[in-house]
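K.L.:
Structure, please.
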Amino acid sequence: MKKLLAGIFLFHSLYSYAQKDDMTAVLSDITEKVKSYYIDKTTYKKVDSLFQSDLKKGTYTTLNKKDFAALLTQKLRKDIKDGHFFVKYLENYSPEKLVDEKEKVRLNNFHNSLENFGFESVRRLEGNIGYINFKGFASPEASAATLAGAMNFVANTNSLIIDLRENEGGDNGMLLLFCSYFFDKKTDLYTTYFRHDDKTVMNSTQSNVAGTKYLHKKIYILTSGTTFSAAEGLAYFLQQHKLAEVIGEKTGGAANPVDHFILQNQYLLLVPAGKITSLTSHTNWEHIGVLPDQEVKAENALKTAHIRILKNIVKTETKTELSIPEIKNLINKLEQ
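P.N.:
Predicted structure coming up:
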């Protein structure tokens, strides 16, 4: 029995050492990727210091791989103050089972289609107000038809509300395509500098889109504290160009694009690797967030926007399906 217990103890010790070595290798890989790709050239020193301190304290020793990845995400975001950092344990990942790029795109598009490419709902509110509840930016190639359908649906409305309160971002190309519906011609919006390649790319809207453009009408964008990344970009650029007003909460504050890496054939790492610069403001919303034109709690943002539009209809005597007395009654009902 003592021999059995000793064998179990030895196995556990060997397993613990192997696990520690695996974790050390992952931490080393993360530090190296931050050193090579992160937009700030000196940040890797802070990352290395954080990891070395944690190793000495045994912070990761008792964690399984999933919890280890979750804690790394939390620590990187908190200590580096960049919400784009992300580490995830890939439980069933195997490089031998990788599909080709076309198949990966097809599978990704299929999974996004199950959530309608982020378009949760599109409807018309009383007062002839368009409403789009949009929850994520999939690839523009896959999303273009759904976006065109949404924009065609709201084309005859007098004003538009775009709800981004639950949108955590996604594809940069989709951001540019969505923005294109609100500019009458091709417009340069921002540059992106990629540190690893030392190159700068211009990001512009398209002059032509598949659906109906929404021009010269009032647009309101709803935000929350969890509105993130590309969703912040849509609010930011339309606000900067005075095409939309933002109602809700200050957003998360993550402007910069990321690169993806597989570490030790077990973990996915996202590292912010570029810097966006608006051609209007000459800065971005990194660490700051998009500041609302009218700040209200996220749960009250839709009602606030609806009332605001209705009051403007009364003021301008804009024609809708409702009479002015009916609109005033609706305002009173919403304000109760």
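K.L.:
going forward, measure contacts between C-alpha atoms and count neighbours the same way
P.N.:
OK.
K.L.:
in stretch 101-119, what's buried?
P.N.:
Within stretch 101-119, the residues that count as buried by 16 or more other C-alpha atoms under 10 Å are 109, 112-113, 116-119.
K.L.:
Not counting it itself, show me its contacts.
P.N.:
Around stretch 101-119, the neighbours that count as contacts under C-alpha atoms under 8 Å, 6 or more residues apart in numbering are 132-139, 142-143, 146-147.
K.L.:
Next, count neighbours for residue 331.
P.N.:
When neighbours are counted by other C-alpha atoms under 10 Å, residue 331 registers 18.
K.L.:
Spit out the contact partners of it.
P.N.:
Neighbouring residues of residue 331 by C-alpha under 8 Å, 6+ apart: 307, 310-311.
K.L.:
switch to 7 Å and redo it
P.N.:
For residue 331, the contact set (C-alpha atoms under 7 Å, 6 or more residues apart in numbering) comprises 307, 310.
K.L.:
which stretch of helix or strand covers it?
P.N.:
Element membership of residue 331 [criterion: DSSP states H and E] is helix 324-335.
K.L.:
any idea how far that helix is from the chain center?
P.N.:
Relative to its parent chain, helix 324-335 has a centroid offset of 36 Å by C-alpha atoms, centre = their mean, to the nearest Å.
K.L.:
for the record, mean pLDDT for it?
P.N.:
The pLDDT scores in helix 324-335 average 96.
K.L.:
Now do the same for residue 83: its pLDDT.
P.N.:
pLDDT recorded at residue 83 is 86.
K.L.:
can you tell me how far it sits from residue 193?
P.N.:
Residue 83 sits at a distance of 19 Å from residue 193 (criterion: C-alpha to C-alpha, to the nearest Å).
K.L.:
can you give me the helices for the chain?
P.N.:
Counting by DSSP state H, the chain has helices at residues 2-37, 43-57, 65-80, 101-113, 140-153, 172-180, 230-240, 301-316, 324-335.
K.L.:
would you list the contacts of stretch 101-119 in TSV and tack on distance to residue 40 and pLDDT?
P.N.:
Shown next, in TSV, are these (distance: C-alpha to C-alpha, whole Å; pLDDT from 0 to 100):
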residue	distance to residue 40	pLDDT
132	37	98
133	35	98
134	32	98
135	30	97
136	28	96
137	26	97
138	28	95
139	28	94
142	33	95
143	33	96
146	37	97
147	35	98
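K.L.:
Going by distance to residue 181, which of these wins?
P.N.:
residue 147 (9.6 Å; C-alpha to C-alpha).
K.L.:
Could I get the pLDDT score of the closest residue to residue 225 other than its chain neighbours?
P.N.:
Spatially, and ignoring its direct neighbours in sequence, residue 225 is nearest to residue 251 (4.5 Å; C-alpha to C-alpha, 6 or more residues apart in numbering). Listed pLDDT for residue 251 reads 98.
K.L.:
Can you give me the end-to-end span of stretch 49-65?
P.N.:
21 Å.
K.L.:
Buried residues in it, which are they?
P.N.:
Burial within stretch 49-65, assessed by neighbour count using 16+ other C-alpha under 10 Å, is assigned to 50-51, 55, 60, 65.
K.L.:
which residues of the stretch 51-200 of the chain score low on pLDDT?
P.N.:
Along the stretch 51-200 of the chain, the parts satisfying pLDDT under 70 run over 94-99.
K.L.:
now do 90
P.N.:
Along the stretch 51-200 of the chain, segments meeting pLDDT under 90 span 81-84, 91-109, 112.
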